[in-house]
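K.L.:
Kindly return the folded structure for what I paste below:
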Amino acid sequence: MSITGQVIVQATAQNIFKFAMKDVGFSTFNDKLVGTEPLNWRNVITPATTPLTAMYKQHMESPVEFMLVKGEVSIVKISSEEPQWSVNFKKALVASLKIQLPAQGITSYWTVMEQGLEGKCENTYQVSELPEYLIHEYEQGMIKPELCQGKKYYQIMKARDITKCLERSIFLSSKTHAKCLLGNCDGINTKSSTTRYFGCGETIETIQLHGMINEGELQQNVLAFNTEPVVTGTKQILKLVATRPITTVIAAIVAPIALTDILYEFPKPMNSQIKSNEEQKEYYQLSTMDPSSQVFLPEGSLESISKTEIKAKIIEKLTTVATQLAEIEHFGKMEIPSQMKSLKTVISILTTADLKAVYKSIQSLTVSIDLKETMRTLLLDTVRMAGTSPCVMFLKEMIETEQLTATEALMPIATLAHNLKTPTVELIDQIFELIKSPVVTGNPILKAHAHLVFATIIRKACLTTPVTEVFPEYVFGKMCTPDNPKISQVYIPHLVKELEGAYDAEKQMGAISVLGVLGHESVIPLLLNYIEGNVEGCTPAVRTMAIYCLSDVTKQYRNILLPVYSSIVHNPAENRA
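P.N.:
Presented below is the predicted three-dimensional model:
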């Protein structure tokens, strides 16, 4: 898509500006384009634009007012009647028009944390003086020489690093950028944003901007195996046409609302008064108090969706897939994994009550027993993979009410740490209740897996989140912290009690493995007693398991563990078998 138009900017007061677009046109295309370098999207020639229809014209030409203080946006006034896409377009335009100055004087190089659609991230500015002979060749039309008599020509380069942010409005699904900083850049999804400003002035402090070119690029592998990367590019060009005294004031904003940032605007709940990214975070953080209804849909407002229609389509899709699974001919062409992946995305916006309604509808279908059972299994597997808080609550209730057999319950429990999307404090409490339930404790296999999984969740969400795990903390807030009092007052005492009540070597090794996986500092002295063989009935196998289970935290607690390990190694009386 390409968009053209005029941008009229007026200074209405000190540090207050107003702009509106005019003569906006657009064009869409899906063809192989040509240009000076057709293999580089930056140089392709796009088709001519056509005028907008009345409805889109009204939104695009609606004015915006914003206040700048040293290049930082403090207030943005926009019409409350504008749709989300238009608001984000205007916010991106505001971000392109401004340069955030350093706190202590302008130099030829500075770094600041600056707001943009992605969040408040690190921007690096570099000012370079351009020789006069390049002005007519270098990025033609970006500087108007007639306005620069006796002045120097400058280019200001701005590079944005979205891996270094104080706030985010986007969810990064991996921390591969953190690995890249350590020298391992394999498979990293690369997003870059560079902006070049052109202008002239007697000194750096008096530069008047004449043009701007912004280029944003995202390279990503959309599939989890070795495929050709998909490149998405966005290019913005602004050129100064004329500077004139104000003769006609830009029209007033209809039903204005004041926003306090220029971060990406997500669809808001109906009748809400959310005006900033902080207020939006507070709203979604409150939703974590009830895991059975905690959902997040970036693409649209949940209130505007027909849940009845969605549930009917889920049952229809499950029926289709279950029927296809019974067929043999052309099985690969049915693309069942892709269908189930799409179904998982839809299921992730349902509450626990919605999931129970879908399950009940499947149970009441008048179809063959085999087809119904296949649909039921597909639903349970998809809910398990979705891993949202409502999905976990649904599976918890199914297990506790014995609507799942022990074999069926094993897979949701065993894969919970892997599939869990938002391990909030409230949801971890619910999982703890699950592992204490009679259904789980009454089955040795379920109990062993449940304790291991719970310890893994506590370690990942509360203690030491690994680089490979990413939770949507910029949406729902911090999942859990090491300061959570329940870790030391409730969870660990329960797991320690299991170890103390273990009456044979097999149960002792199972309980020790759980405490080792947890890796909390308070369990180290207890496990050292088993490592040193100070507990009555502690076999060499139990001692060995206690050493192995601490392998992930050995480096972290090396000052405590290494002296003990060293004494065992150098003790000739120890069993060497």
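
K.L.:
any idea how far residue 143 is from the residue nearest to residue 434 when sequence neighbours are not counted?
P.N.:
Once flanking residues are discounted, residue 434 sits nearest to residue 396: 4.9 Å by CB to CB, 6 or more residues apart in numbering. Using the backbone N, CA and C atoms, a C-beta is placed for each residue, glycine as well. Distance of residue 396 to residue 143, given as CB to CB, to the nearest Å: 64 Å.

K.L.:
And those two? Which one has more around it.
P.N.:
Taking other CB atoms under 10 Å, residue 396 and residue 143 do not tie; residue 143 has more neighbours (26 against 22).

K.L.:
which ones are touching the more buried one?
P.N.:
With contacts defined as CB atoms under 8 Å, 6 or more residues apart in numbering, residue 143 is in contact with 135, 153, 198-200, 210-211.

K.L.:
now it, what's its secondary structure?
P.N.:
Of the three states, residue 143 takes coil under DSSP: H, G, I helix; E, B strand; the rest coil.

K.L.:
and the gap between it and residue 93?
P.N.:
Per CB to CB, residue 143 is found 21 Å from residue 93.

K.L.:
CA atoms only: put whatever helix or strand residue 542 lives in into PDB for me.
P.N.:
Using DSSP states H and E, residue 542 maps to helix 540-548. The C-alpha trace of helix 540-548 is given here as PDB (Å, rounded to 0.1, in the frame of the first residue of the first chain):
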ATOM      1  CA  PRO A 540      24.100 -43.600  47.400                       C
ATOM      2  CA  ALA A 541      21.500 -43.300  44.600                       C
ATOM      3  CA  VAL A 542      19.600 -40.700  46.600                       C
ATOM      4  CA  ARG A 543      22.800 -38.700  47.200                       C
ATOM      5  CA  THR A 544      23.600 -38.900  43.600                       C
ATOM      6  CA  MET A 545      20.200 -37.600  42.600                       C
ATOM      7  CA  ALA A 546      20.500 -34.700  45.000                       C
ATOM      8  CA  ILE A 547      23.700 -33.700  43.300                       C
ATOM      9  CA  TYR A 548      22.300 -34.100  39.800                       C
END
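
K.L.:
got a list of contacts for it?
P.N.:
With CB under 8 Å, 6+ apart as the test, helix 540-548 has contacts from 505, 508-509, 512-513, 516, 527, 530-533, 565, 575, 577.

K.L.:
in the sheet, who's paired with residue 230?
P.N.:
Beta-bridge partners for residue 230, by DSSP bridges, are residue 220.

K.L.:
Share the number of residues neighbouring it, please.
P.N.:
Neighbourhood size, residue 230 [other CB under 10 Å]: 12.

K.L.:
I figured it hits residue 219, correct?
P.N.:
Yes - contact criterion CB atoms under 8 Å: residue 230 and residue 219 qualify, at 7.4 Å.

K.L.:
Could you point out the longest strand of this protein?
P.N.:
strand 152-168 (DSSP state E).

K.L.:
Report the mean per-residue pLDDT for that one.
P.N.:
Strand 152-168 shows an average pLDDT of 87 in the prediction.

K.L.:
That strand: which residues count as buried?
P.N.:
152-156, 158, 160, 162, 165, 167-168 (16 or more other CB atoms under 10 Å).

K.L.:
ok, then the element right after the helix or strand bottoming out on mean pLDDT in the chain?
P.N.:
Lowest by mean pLDDT, DSSP states H and E among the helices and strands of the chain is helix 176-181, with a mean of 54. Downstream of helix 176-181, the first helix or strand assigned by DSSP H and E is strand 190-201.

K.L.:
Could you name the helices and strands sitting against that following strand?
P.N.:
Under the contact definition 3 or more CB pairs under 8 Å, 6 or more residues apart in numbering; DSSP states H and E, strand 190-201 sits against strand 152-168, strand 208-220.

K.L.:
my read: residue 524 touches residue 560, true?
P.N.:
Yes - using CB under 8 Å, residue 524 makes contact with residue 560 at a distance of 5.8 Å.

K.L.:
In terms of neighbours, single out the busier of these two.
P.N.:
The neighbour comparison of residue 524 against residue 560 (other CB under 10 Å) goes to residue 524, with 19 against 14.

K.L.:
Next, the angle from the one helix or strand that one maps to to helix 540-548.
P.N.:
Assigned by DSSP H and E, residue 524 falls within helix 524-531. Using axes from the mean of the first three to the mean of the last three CA atoms, to 10 degrees, the direction of helix 524-531 lies 150 degrees away from that of helix 540-548.

K.L.:
In a strand, the residue nearest to residue 434, correct?
P.N.:
No - applying three-state DSSP, one finds residue 396 to be helix, outside a strand.

K.L.:
gap between it and residue 347?
P.N.:
Applying CB to CB, the value for residue 396 to residue 347 is 16 Å.
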